[in-house]
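Colleague: what's the 3D shape of this:
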Amino acid sequence: MLNLDAQTAQRSRAYRAFKLDRAGRVFSAEVVPAQDDTQARRRARAMATDEAIELWDRTRFLGRYEPAAPIRA
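Modeller: You can find the predicted model right below:
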């Protein structure tokens, strides 16, 4: 989990990334420090490796990111 200290909080916003299980239920949450929505979206998209991620800025929904489909041979 990312730590958000007082210095980081002053220079960035604290977004929340919620990890979802296969049924779409939240099983974990992380703070995503970012300067703006674009940077937060980029970081959330990178987090979506094994499970879906929903990104929120307090009560404002910013997006849902699905893990990449596995490559089939």
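Colleague: quick one, what contacts the spatially most central residue of the chain?
Modeller: For the chain, the residue nearest the mean C-alpha position is A17 (3.0 Å; Cα atoms, centre = their mean). By Cβ atoms under 8 Å, 6 or more residues apart in numbering, A17 lies in contact with A29, E30, V31, V32, R43, A44, M47, I53, E54, L55, W56. C-beta: built from backbone N, CA, C; applies to glycine.
Colleague: in a markdown table: these, plus distance to Y65, neighbour count and pLDDT.
Modeller: Formatted as a markdown table, the contacts of A17 follow (distance: Cβ to Cβ, whole Å; neighbours: other Cβ atoms under 10 Å; pLDDT from 0 to 100):
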| residue | distance to Y65 | neighbour count | pLDDT |
| --- | --- | --- | --- |
| A29 | 15 | 13 | 97 |
| E30 | 13 | 16 | 96 |
| V31 | 17 | 15 | 97 |
| V32 | 12 | 25 | 96 |
| R43 | 10 | 18 | 97 |
| A44 | 6 | 24 | 97 |
| M47 | 7 | 18 | 95 |
| I53 | 5 | 23 | 98 |
| E54 | 8 | 19 | 98 |
| L55 | 7 | 24 | 98 |
| W56 | 12 | 17 | 98 |
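Colleague: possible to save those residues as TSV with distance to L62?
Modeller: TSV is the format used below for the contacts of A17 (distance: Cβ to Cβ, whole Å):
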residue	distance to L62
A29	14
E30	14
V31	14
V32	10
R43	11
A44	8
M47	13
I53	10
E54	8
L55	4
W56	6
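Colleague: perfect, I'm done here.
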